[in-house]
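In: Sequence below, structure please.
(one chain, ligands or ions: 1)
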Amino acid sequence: MKDRYLDFVNSPFGTSIARSLGLPRPEVLRRHRADQAEFGGMAAIGAGPSPALFDDLMAVLSAIGMTGIAHESASGWLPVAARHGAMSGRFEPRSRDASATDRVEALIFDATGIGESAQLHSLYAFFHDALRSLAKNGRIVVLGRPPATRSSVRAATAQHALEGMVRSLGKEARNGITSNLLRAADGADVESALRFFLSPRSAYVSGQVVTIDAPADAPPSWAKPLAGKRALVTGAARGIGASIAAVLAEHGAIVTGLDIDAARDALDQTMLAIEDASPSSGAHAALVADIAAPETPAEIAAALAASGGIDIVVHNAGITRDKTIARMTADMWDSVIDINLLAQERIDDVLLAQNVLRAGGRIVAVSSISGIAGNRGQTNYATSKAGVIGRVHAMAPLLRERGITINAVAPGFIETHMTARMPFGVREAGRRLNSMGQGGLPVDVAETVAWLASPGSAGITGNVVRVCGQSLIGA
Ligand code: NAD
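Out: Residues are numbered from 1 along each chain as shown. Here you go, the predicted structure:
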């Protein structure tokens, strides 16, 4: 559904009306486009004491064609740049009246060495100087350590404190700027996450904390990271699922899209459009099945085993049956829990028991911010979606030895059939009550799923990443 307010206040006429009336003007978010460079420009680098990730960061910036310039807090950056033979320079804080061309595309702060809370002052020093220099749709990334891996209580405390800083920066920055914290364990590979969070693909992901706890192999190609992978997407006929199927295919995967019989035509059309956009010699497939039916997991396993197994499972299919608990029928409760949660358990049980999901595989489950915050009239839905998160946490350690990761994405307000059915007031509140001042698009969820499914994301498991524009709900 179109967001007419966003379109209006960004039109030539609407801009001046919004300005004169003091109306909020949400930024038109820059999303990935095949005809536009994904990265470029300069990143201002800041750091606390003993930053550990300068070499990794330098390697990634060089690979993606960005230049890192050093704030005075990051004096060690220049020698690292020289060692890598990379361009660099010093970051000069921008004055209020400087021109828009002086801006940097990203602010990156290496906080890995912060071992006690007094050292958090270095964050103040950097962001106080640098926030004003960040361009529209810019990126803030703070690199820290998982608090539980620190050897002292003080270090764990200071590392945890980074969360508050990153989330507040996301709320202050506006202008389509995102702010996220990557907690990298010793030896973890930050490239996949850095690429995602510095790119336009993460346009609607802000205020998130992601833990990376193991090394990863770089994909053979960052342009097609899923080349040679096979993926299953449930609920692929329309909405978020159709977009996930399309983006996985665009990243190189061969996709089986699953949906119910009633959506057969839409599913066929979706898969044909995907074949046109990302040809696979006819290997993308449509699978008609109801995930509520007890025989479906075995049917899915048989269909996927016939093509040699699968690497990526995306549990996207979901329904809502909203009513306050006193008015809710038992059937409304049961059907939502069954489709949104129990079906994921049944399908994974079979795919894992029969090794149809291959070693090194990826499971990505679609949850919801309702599962984090709860929502009036959605006891059934929020319970099912919180269960999805619980499952991700509980299964991640069990799947580790097979090299399989499991993560959840939790969308906020996304423009789909599901949200178009909401009453006007609830819909407008969902759209505006987040740091981006607008709803997300299905592609925002799809890009996040594709990043988690990448071979480069092998070190990311047991995480819940909200795709909600930093919604005030569940924040
Ligand atoms: P949608 O209703 O547009 O699409 C859901 C798809 O799942 C449909 O194609 C439907 O036919 C399919 N499906 C439903 N029951 C099925 C079953 N039993 N077997 C097989 N397929 C089935 O919904 P959407 O907005 O695209 O949502 C996709 C997922 O994202 C859901 O899990 C939803 O809970 C979640 N989500 C959506 C939003 C949002 O704002 N739209 C927010 C948070 C979470």
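In: pLDDT score assigned to residue 19?
Out: pLDDT for residue 19: 66.
In: Just confirm residue 130 contacts residue 93, I think it does.
Out: Yes - look at residue 130 against residue 93 with C-beta atoms under 8 Å: they come within range, at 6.7 Å. In short, each C-beta sits where N, CA and C put it, glycine included.
In: Neighbour count: these two, which is higher?
Out: Between residue 130 and residue 93, counting by other C-beta atoms under 10 Å, residue 130 is the more crowded of the two (21 against 15).
In: Which residues does the host helix or strand of that one contact?
Out: Following DSSP states H and E, the helix or strand that holds residue 130 is helix 121-130. Contacts to helix 121-130, defined as C-beta atoms under 8 Å, 6 or more residues apart in numbering, come from residues 44, 46-49, 71-74, 91, 93, 104, 107, 109, 111, 114, 142, 162, 165, 169.
In: same thing but at 10 Å, please
Out: 44-49, 51, 71-74, 91-94, 104, 107-111, 113-114, 134, 140, 142, 161-162, 165-166, 168-169, 172-173, 179 (C-beta atoms under 10 Å, 6 or more residues apart in numbering).
In: before we move on, the earlier item: tell me, what's touching residue 130 and residue 93 both at once?
Out: Residues touching both residue 130 and residue 93 (C-beta under 10 Å, 6+ apart) are 44, 71.
In: If you count neighbours, what's buried in stretch 277-292?
Out: The neighbour-count check on stretch 277-292 (16 or more other C-beta atoms under 10 Å) flags 278, 284-292 as buried.
In: out of the residues you listed, what pair is the most spread apart?
Out: 278 and 292 (29.7 Å; C-beta to C-beta).
In: At the contact with the ligand, which residues of the stretch 251-400 of the chain appear?
Out: By C-beta under 6 Å from any ligand atom, the residues of the stretch 251-400 of the chain that approach the ligand are 259-260, 263, 290-292, 316-319, 339, 366, 368.
In: Is it correct that residue 30 is in contact with residue 40?
Out: No - using C-beta atoms under 10 Å, residue 30 makes no contact with residue 40, being 11.9 Å away.
In: shouldn't residue 419 be in contact with residue 426?
Out: Yes - using C-beta under 10 Å, residue 419 is in contact with residue 426, at 9.1 Å.
In: between those two, what contacts are shared?
Out: Shared contacts of residue 419 and residue 426 (C-beta under 10 Å, 6+ apart): residue 413.
In: So for the two, which residue has more residues nearby?
Out: Just comparing residue 419 and residue 426: by other C-beta under 10 Å the higher neighbour count belongs to residue 419, 20 against 14.
In: which other helices and strands contact the strand or helix carrying the more buried one?
Out: Per DSSP H and E, residue 419 falls inside helix 417-420. Secondary-structure packing of helix 417-420 (3 or more C-beta pairs under 10 Å, 6 or more residues apart in numbering; DSSP states H and E): helix 239-250, helix 424-432.
In: contacts for it?
Out: Identification of contacts with helix 417-420 by C-beta under 10 Å, 6+ apart yields 1-2, 238-240, 318-320, 368, 411-413, 426-427, 430-431, 439-440.
In: could you list every residue that touches residue 439?
Out: Going by C-beta under 10 Å, 6+ apart, residue 439 touches 1, 3, 6, 26, 204, 411-416, 419, 427-428, 430-432, 468-469.
In: For residue 150, which non-adjacent residue is closest in space?
Out: Closest residue to residue 150 apart from its sequence neighbours, by C-beta to C-beta, 6 or more residues apart in numbering: residue 156 at 4.3 Å.
In: And the pLDDT for the residue of the stretch 51-200 of the chain found nearest the ligand?
Out: Closest residue of the stretch 51-200 of the chain to the ligand, C-beta to the nearest ligand atom: residue 178 (18.6 Å). pLDDT, residue 178: 98.
In: Correct me if wrong: it contacts residue 167.
Out: No - using C-beta under 10 Å as the test, residue 178 is too far from residue 167 to be in contact (11.3 Å).
In: so where's this protein shaky on pLDDT?
Out: 1, 8, 13-23, 96-101, 475 (pLDDT under 70).
In: the strands in it, which residues?
Out: Taking DSSP state E as the test, the strands found in the chain are 42-47, 67-70, 104-110, 134-144, 178-184, 209-212, 230-234, 254-259, 285-288, 310-315, 357-366, 405-411, 464-467.
In: so what strands line up beside the third one?
Out: By that I understand strand 104-110. Sheet pairing for strand 104-110, assigned by DSSP bridges, gives strand 42-47 (parallel), strand 134-144 (parallel).
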